[in-house]
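> missing the sequence, but the structure's below:
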């Protein structure tokens, strides 16, 4: 269907979402994505994606997202390596990363909670920069 309309499946799904919506995600009503560590804070297909990470995190996994993201430390502490620099973040600290920044992070305190809010990958928020 997407091919016939000269579009993509992602764009079709985005068009199907109501232009204006309100959705509450209750803490006790959602199932974690990975049994113990990740909980999606936004349901459906939207321009923003948000997740809550609790506890330990795979520090060896490197991320590089197309669009901007914000990390907020709700509890505990983390170490973030971004583009070769190390950052230590504590409760209440935020780290803003523009699209294309290579980064990895790890919790340094048990029961750390980190909220990550990012512009969804299907959104062309900025022109691709040369890397």
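That came through, no problem. All figures in this text were calculated on a predicted structure; none of them were measured in a lab. Numbering: from 1, shown residues only.
> element containing residue 104?
Element membership for residue 104, per DSSP states H and E: strand 102-107.
> revised request: answer the last question for residue 81.
Using DSSP H and E, the element containing residue 81 is strand 77-82.
> if we can go back for a sec, residues in contact with the strand holding residue 104?
Residues outside strand 102-107 that contact it (C-beta atoms under 8 Å, 6 or more residues apart in numbering): 53, 55-64, 71, 76-83, 97, 114. In short, each C-beta sits where N, CA and C put it, glycine included.
> in PyMOL, how would I select just the buried ones from those residues?
Selection command for PyMOL covering only the buried members of the contacts of strand 102-107, criterion 16 or more other C-beta atoms under 10 Å:
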select buried, resi 53+57+71+76+77+78+80+82+97+114
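> one step back: tell me how far the very next helix or strand once past the strand holding residue 104 is from the chain's mean position?
Next in sequence after strand 102-107, counting helices and strands by DSSP H and E, comes strand 113-119. Distance, stretch centre to chain centre, for strand 113-119: 5 Å (C-alpha atoms, centre = their mean, to the nearest Å).
> give me the residues contacting the strand holding residue 81.
57, 59, 71, 86-91, 95, 97, 101-109, 112, 114.
> buried subset of those, written for PyMOL?
The PyMOL command for the buried members of the contacts of strand 77-82 (criterion: 16+ other C-beta under 10 Å) is given here:
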select buried, resi 57+71+89+95+97+103+104+105+106+107+112+114
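> okay, now the unreliable bits of this structure?
Counting by pLDDT under 70, the chain shows low-confidence ranges at 1-2, 5, 9-20, 29-36, 125-131.
> on that earlier part again, neighbouring strands for the strand holding residue 81, and are they parallel or not?
Paired with strand 77-82 in the same sheet, following DSSP bridges, are strand 85-90 (antiparallel), strand 102-107 (antiparallel).
> just want the angle from the last one to strand 113-119.
What it means is strand 102-107. Taking axes from the mean of the first three to the mean of the last three C-alpha atoms, to 10 degrees, one finds that strand 102-107 is oriented at 160 degrees with respect to strand 113-119.
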